[in-house]
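S.K.: fold the following for me, if possible:
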Amino acid sequence: MKYLVFIGLLGLIYFSSSFSNSILVQSNFDSVKKGDDTLKYIFLGHTYDYQNPGPWHRLDPRIQDLDLTRYHRIWLGGDISSEATLDLGTMIYLDSVFDLGSPRVQYALGNHDIRNGNIQYYRTITNKKSYNVYSENGVVSICMNSQLNPTQCEDLNSQFQLIKNVCDTIQESSHLVLMMHNCLFYGVPNIPHPSNFAHSNYQYWNANCSSATQTFSTAIYPMLEAVKNRGIEVYVMMGDSGVSSKQFHQESTDSIHFYASGIANSKYTDSSVLAQEPLDRVLIFEHVLTTQEMTWSFQDLDSLFNAQ
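M.R.: Here you go, the predicted model:
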């Protein structure tokens, strides 16, 4: 009873706090400790605990125990919890792990995150729209909501305009990151069929409400190509992966990087079966500020604990 009262009080605090509808989130401070030249960023997808012991719809225990303070930016690729917005308590729990209200934490909604329809919980806890952009240290990151569809034209068109505005105006930055949950990569030149690495294939996903032919590959990819042609590196990441494929990376014909990264080994309770499965891997970036170079690698999730 005390625990429920505590969660209830937290809920009142969150709901009573001010909520901004602004789409652009930008840092006014490049807060890097003196002497720190390299920052680490982490991309995590499909992180929910298949066993879900409660009391809320919890994360894979390894994610919960990870020292996330080591990462200057955290990019969440969706399906973070099996039922993230079923109740406010789950969102408060996720916030306690990830600090979802921080501008350096971006959370791309997956089907598990929003299928209960309580988008107000996401907005209240994160203080952001479900599509947003953040810029710091030469890296501009756009968080997309791939759950939007033509029944939500106002938000779908607004998201498209946000992406267009960034792509049209980005000049001085070294990198553009576009992150999402569902795989929208179908039709991108030199990217294999999503069935090779993803749980989903949103082949007919509408980028906006103007036409059914406006998909990711026909409407958004050309804008990314234009950014790349200005000398800015472009990374596109999705998190609906992890069961059949632990990692994916391929460059398009225009040298734009496409990634898929997710984890799923909490589904196995039999240790002998788990031993036969490939290790869960996560995507880590290292950003050297003095040169603006960015390197990346897929790393075994369990190995990250050795570095803590």
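S.K.: contact partners of the host helix or strand of S272?
M.R.: Take DSSP states H and E as the rule and S272 turns out to sit in helix 271-274. Helix 271-274 is contacted by residues 265, 268 when judged by C-beta atoms under 8 Å, 6 or more residues apart in numbering. Glycine gets a C-beta too; all of them are placed from N, C-alpha and C.
S.K.: for the next helix or strand after that helix, which outside residues touch it?
M.R.: Next along the chain after helix 271-274, taking DSSP H and E as the criterion, comes strand 281-288. With contacts defined as C-beta under 8 Å, 6+ apart, strand 281-288 is touched by 37-44, 72, 137, 139, 175, 237, 246-247, 259, 261, 263, 293-301, 304.
S.K.: neighbouring strands for strand 281-288, and are they parallel or not?
M.R.: If you go by DSSP bridges, strand 281-288 pairs up with strand 38-44 (antiparallel), strand 293-300 (antiparallel).
S.K.: just say which of those is most tucked in.
M.R.: strand 38-44 (a mean of 20; mean count of other C-beta atoms under 10 Å).
S.K.: if we go by neighbour counts, what in stretch 80-98 is buried?
M.R.: Within stretch 80-98, the residues scored as buried using 16 or more other C-beta atoms under 10 Å are 80-95, 97-98.
S.K.: can you check stretch 107-120 too?
M.R.: 107-110, 112-114, 118-119.
S.K.: looking at the residues you listed, which are in strands?
M.R.: Y107 (DSSP state E).
S.K.: identify the farthest-apart pair in the buried residues of stretch 107-120.
M.R.: Largest separation among the buried residues of stretch 107-120 by C-beta to C-beta: A108 and N118, giving 17.1 Å.
S.K.: what helices and strands are in contact with the longest helix anywhere in the chain?
M.R.: The longest helix of the chain (DSSP state H) is helix 153-169. Secondary-structure packing of helix 153-169 (3 or more C-beta pairs under 8 Å, 6 or more residues apart in numbering; DSSP states H and E): strand 132-136, strand 139-143, strand 175-180, helix 221-229.
S.K.: what pairs with the second one, and is each one parallel or antiparallel?
M.R.: Yep, that's strand 139-143 we're talking about. strand 132-136 (antiparallel), strand 175-180 (parallel).
S.K.: contacts for it?
M.R.: Under C-beta under 8 Å, 6+ apart, the answer for strand 139-143 is 41, 73, 75, 106-108, 130-135, 162-163, 166, 170, 173-179, 287, 294.
S.K.: in the helix holding S272, what counts as buried?
M.R.: Per 16+ other C-beta under 10 Å, helix 271-274 contains no buried residues.
S.K.: ok now it, how far from the chain's centre?
M.R.: Distance of helix 271-274 from its chain centroid, counting by C-alpha atoms, centre = their mean, to the nearest Å, is 29 Å.
S.K.: what is the rounded mean pLDDT of it?
M.R.: Mean pLDDT, helix 271-274: 84.
S.K.: stretch 214-234 now?
M.R.: pLDDT averaged over stretch 214-234 gives 98.
S.K.: buried set for that stretch?
M.R.: 214-217, 219-221, 223-225, 227-228, 232-234.
S.K.: stretch 204-216 spans what distance, first to last residue?
M.R.: 9 Å (C-alpha to C-alpha, to the nearest Å).
S.K.: hang on, I meant stretch 142-149
M.R.: Stretch 142-149 end-to-end distance (C-alpha to C-alpha) = 18 Å.
S.K.: buried sites along that stretch?
M.R.: Buried residues in stretch 142-149 (16+ other C-beta under 10 Å): 142-148.
S.K.: now stretch 247-259
M.R.: Buried residues in stretch 247-259 (16+ other C-beta under 10 Å): 247-250, 252, 254, 256-259.
S.K.: taking those residues, tell me the two that lie furthest apart.
M.R.: Q247 and D254, at 21.8 Å, using C-beta to C-beta across the buried residues of stretch 247-259.
S.K.: helices along this structure, start to end?
M.R.: Under DSSP H, the chain gives helices at 2-16, 61-65, 88-98, 111-114, 119-126, 153-169, 221-229, 271-274.
S.K.: export the ones you listed to TSV and append columns for distance to N208.
M.R.: Shown next, in TSV, are the helices of the chain (distance: least, C-beta to C-beta, whole Å):
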stretch	distance to N208
helix 2-16	32
helix 61-65	34
helix 88-98	28
helix 111-114	20
helix 119-126	19
helix 153-169	4
helix 221-229	12
helix 271-274	43
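S.K.: looking at those helices, which is closest to C183?
M.R.: helix 111-114 (12.1 Å).
S.K.: tabulate the CA atom coordinates of the closest one in PDB.
M.R.: What follows is helix 111-114, C-alpha atoms only, in PDB (Å, rounded to 0.1, in the frame of the first residue of the first chain):
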ATOM      1  CA  ASN A 111       4.400  -0.700 -30.800                       C
ATOM      2  CA  HIS A 112       4.900  -2.200 -27.300                       C
ATOM      3  CA  ASP A 113       5.500   1.300 -26.000                       C
ATOM      4  CA  ILE A 114       2.300   2.900 -27.200                       C
END
